[in-house]
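J.: Could you look at this predicted model? Sequence included:
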Amino acid sequence: MKIKSLAAAVMGAAMLFSVAACGTSDATDNNASAGASGSSNATQGFDVSSVAKDDAIAALVPDSVKSDGKLTVGMDTSYAPAEFLDGSQKPVGYDVDLAKALGKVMGLETEPVTSTFDSILPSIGSKYDIGISSFTITDERKDAVDFVSYYKAGSTWAVKKGNPEKFDSSNLCGLKIAVQTGTTQEEEVNADNEKCPADKKIEILSNKLQTDVTTNVVTGKAVAFYADSPVAGYAISQTGGQLESFGEDVGVATQGIAIKKGDSAMDEAVQKAVTKLMDDGTYAKILDQWGVKSGSVDKAEINPVAD
C-alpha cells in the first residue's frame, strides 16, 4: 500500500509511479528521534560487514551492473524506518541495511541514492541498478519493472502494554485516537468517525511527526495510535516496552525490489541473494534491528501475483 497521501513533491500527479507502497510518512521525522522513549539507538542500523560474497550469485550479476563495482540503489529517504536520513544526512533504515547486505552477497559496494519516489521506477536500469523504497507490487508496476518480493506491510494499531484501557479497534466511537497527519490511517479514522453518533465522536489527535503520535499514547493523551505497520513497529520498538501492537495487521500487501524489466539474470541474482540472506538469518536480524519483523516474508519470489 504505502500511499503517501500528502507529500506533495513526491505525489503530485496521479501517475503510475506516484503511488507509493504502504501508509505514508510525508518526509516527516527524518532523524527518527525516539520521542517518548528517549532511545539513543533510533538510527543504529545492522552491521552487515560479516555478510560474505557468494561467488555463484555474484556470477549471475550482469556486467552492466558490476562493471563499476557498485550496486546503485534508488530510494526515497523520507520513510522511517524503511529508508530515511539520520542526523548527518546519511541514509539509514531496514531497506538500506538490506541493500547493503545484497551488495555484499554480490561482491559489490552498495550506493544508496536519494531520489523523489516517482522518479525511481522510470530510472531502473539506467540511473539505478535496482530500486528499494517500500514499493508495493502491483500489476501496473509489473508492466514497467520486474520485482523480487521481500516484505509485506499494512496498518497496525498500538496501545499501552497490556492494553489497560481495553481498547477495541472495532468500536472507536468516544475514544481518543492518535494518527499521523495526511496518512491513509487518518483517513480511515475520519471515515469511522462519520459513523459515530453526535455524542460519541472520536477525538482524533493528528500530528505531523510519528514521534508525537507515539508520545500521545505513551502519556495517556490517546488510548491508541494507528499507523503503517513498519512505522508502527519501529515506533513501538523505541518506547522501551511501554507500547505493544494490538490485533492483526490489516490491508497487508507485498513489497518488492524493483529491477529492470526483462533482466532475467539480475532478477535471479537478486532473488537468490535475498533467499540467501533469509536462510542465513541476516534478513531476520535486519528486521529485528528496526522492530519490523512482523512484515517478514518466508520466501523471495520473482514477479509474484499482486495482492
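T.: On my side now, so go ahead. Because the structure is a prediction, the values reported are computed rather than measured.

J.: Please count neighbours and contacts with C-alpha atoms only from this point.
T.: Noted.

J.: domain assignment for this protein?
T.: Per automatic domain parsing, the structural domains of the chain span 8-154+253-295, 155-251.

J.: can I get these in JSON lines with distance to Glu301, mean neighbour count and mean pLDDT?
T.: As requested, the domains of the chain are exported to JSON lines (distance: least, C-alpha to C-alpha, whole Å; neighbours: other C-alpha atoms under 10 Å; pLDDT from 0 to 100):
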{"stretch": "domain 8-154+253-295", "distance to Glu301": "5", "mean neighbour count": "20", "mean pLDDT": "84"}
{"stretch": "domain 155-251", "distance to Glu301": "20", "mean neighbour count": "19", "mean pLDDT": "93"}
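
J.: any chance of those domains in JSON lines, plus distance to Ile302?
T.: Listed next are the domains of the chain as JSON lines, based on distance: least, C-alpha to C-alpha, whole Å:
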{"stretch": "domain 8-154+253-295", "distance to Ile302": "5"}
{"stretch": "domain 155-251", "distance to Ile302": "22"}
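
J.: any chance you could map the strands in the stretch 101-250 of the chain?
T.: Taking DSSP state E, counting those that start in this stretch as the test, the strands found in the stretch 101-250 of the chain are 109-114, 130-136, 145-160, 176-180, 203-207, 224-228, 243-260.

J.: what is the orientation angle of the fifth one with strand 224-228?
T.: Taking axes from the mean of the first three to the mean of the last three C-alpha atoms, to 10 degrees, strand 203-207 and strand 224-228 form an angle of 50 degrees between their directions.

J.: next one: strand 203-207 to chain centre, how far?
T.: How far strand 203-207 lies from its chain's middle: 23 Å, per C-alpha atoms, centre = their mean, to the nearest Å.

J.: Which elements pack onto it?
T.: Contact partners of strand 203-207 among helices and strands, from 3 or more C-alpha pairs under 8 Å, 6 or more residues apart in numbering; DSSP states H and E: strand 176-180, helix 184-194, helix 210-218.

J.: now do the second one
T.: Judged by 3+ C-alpha pairs under 8 Å, 6+ apart, strand 130-136 is in contact with strand 70-75, helix 94-106, strand 243-260.

J.: Alpha carbons only: can I get the first one in PDB?
T.: Output for strand 70-75, consisting of C-alpha atoms alone and laid out as PDB, is shown next (Å, rounded to 0.1, in the frame of the first residue of the first chain):
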ATOM      1  CA  LYS A  70      28.800  -0.700  -7.200                       C
ATOM      2  CA  LEU A  71      25.200  -1.600  -6.700                       C
ATOM      3  CA  THR A  72      23.400   1.700  -7.200                       C
ATOM      4  CA  VAL A  73      20.000   1.700  -5.300                       C
ATOM      5  CA  GLY A  74      17.300   4.300  -5.800                       C
ATOM      6  CA  MET A  75      15.300   5.200  -2.700                       C
END
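
J.: Run me through the strand neighbours of the helix or strand just after that strand, direction for each.
T.: On the C-terminal side of strand 70-75, the closest following helix or strand by DSSP states H and E is strand 78-79. Here strand 78-79 has these sheet partners by DSSP bridges: strand 83-85 (antiparallel).
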